[in-house]
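> Have a look at this prediction, sequence included:
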Amino acid sequence: MHDNELWYSYKEGDVKALEGLYELYYSPLTNYGFKFTPDNVCIEESMQDLFLKLWQNRERIESPAVVKQYLYLSFRRILLRKLEYNPSRHEEELSGEHIPFQLELIGGHPMVRKERMEELTAKVDMLLNILTNRQREAVFLKYYEDLSYEEIADIMHMNIVGAYKLIYRALESLREQFGDFTLLLVLYVLKRA
């Protein structure tokens, strides 16, 4: 069942539909959570809080245009609250640079020998470390999670132009530092990981 269909059924009170959403988004959301913290307990509690709140507030929650975007935004908000990051607390915190975000690539590609892919992935991980936390998060959401700029802007609490600029500056920084080929390599590995 598609996530929009699951959402509609969940809104109608179908607990199985909520379980379907949980199963569909458990891995992607926990993977996203590990980019902020290695604390498995905190991530699990955030997942439980998210789906408990969804169930308790199902009659009041508006149906989002994009379910994936809504779940990422809600999960991020709950997780950061647990980690005691509050972007609205201080003006300088609005940049989000105080929020740690680690981007490590895992996985392989059948077209490339496993050792070579691991080597490329390690190099890309190293290259991505030159980016700011905020840039790494935006690049992850764009190229690994395949979200739109609008969805990224909403999740990261910025306007759409800001999302475009953030990703552009990240890619430009990689290109200036390491050249066009390296930028293509990074994008290739991100898409395939």
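Perfect, I can see it now.
> how about low-confidence regions in the protein?
Along the chain, the model assigns pLDDT under 70 to residues 1, 85-99, 102-117, 120, 182-183, 185, 188-193.
> Pop the domain breakdown of it in here.
3-82, 105-192 (automatic domain parsing).
> could I get the ones you listed as JSON lines with mean neighbour count?
C-beta: built from backbone N, CA, C; applies to glycine. Below are the domains of the chain laid out as JSON lines (neighbours: other Cβ atoms under 10 Å):
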{"stretch": "domain 3-82", "mean neighbour count": "16"}
{"stretch": "domain 105-192", "mean neighbour count": "17"}
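> Phi and psi next, for residue 64.
Dihedral pair for residue 64: phi -80, psi 160, per degrees, to the nearest 10.
> looking at it, it is touching residue 70, isn't it?
Yes. Contact criterion Cβ atoms under 8 Å: residue 64 and residue 70 qualify, at 3.7 Å.
> Okay, helices next: where are they in this structure?
Assigned by DSSP state H, the helices in the chain fall at 3-11, 15-34, 40-56, 67-82, 114-128, 133-139, 149-155, 160-178, 180-192.
> if we compare those, which one ends up closest to residue 100?
Nearest to residue 100 among those is helix 133-139 (5.8 Å), distances taken as Cβ to Cβ.
> How far away from the center of its chain is the closest one?
Counting by Cα atoms, centre = their mean, to the nearest Å, helix 133-139 is centred 9 Å from the centre of its parent chain.
> Please apply the same query to stretch 124-144.
11 Å.
> Check stretch 53-70 too.
18 Å.
> Please apply the same query to stretch 145-154.
Taking mean C-alpha positions (Cα atoms, centre = their mean), stretch 145-154 and its chain are 9 Å apart.
> Tell me the span between the first and last residue of that stretch.
End-to-end span of stretch 145-154 (Cα to Cα, to the nearest Å): 14 Å.
> any chance of the helices of the chain in JSON lines, plus distance to residue 101?
Below are these laid out as JSON lines (distance: least, Cβ to Cβ, whole Å):
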{"stretch": "helix 3-11", "distance to residue 101": "25"}
{"stretch": "helix 15-34", "distance to residue 101": "10"}
{"stretch": "helix 40-56", "distance to residue 101": "14"}
{"stretch": "helix 67-82", "distance to residue 101": "11"}
{"stretch": "helix 114-128", "distance to residue 101": "10"}
{"stretch": "helix 133-139", "distance to residue 101": "4"}
{"stretch": "helix 149-155", "distance to residue 101": "12"}
{"stretch": "helix 160-178", "distance to residue 101": "12"}
{"stretch": "helix 180-192", "distance to residue 101": "14"}
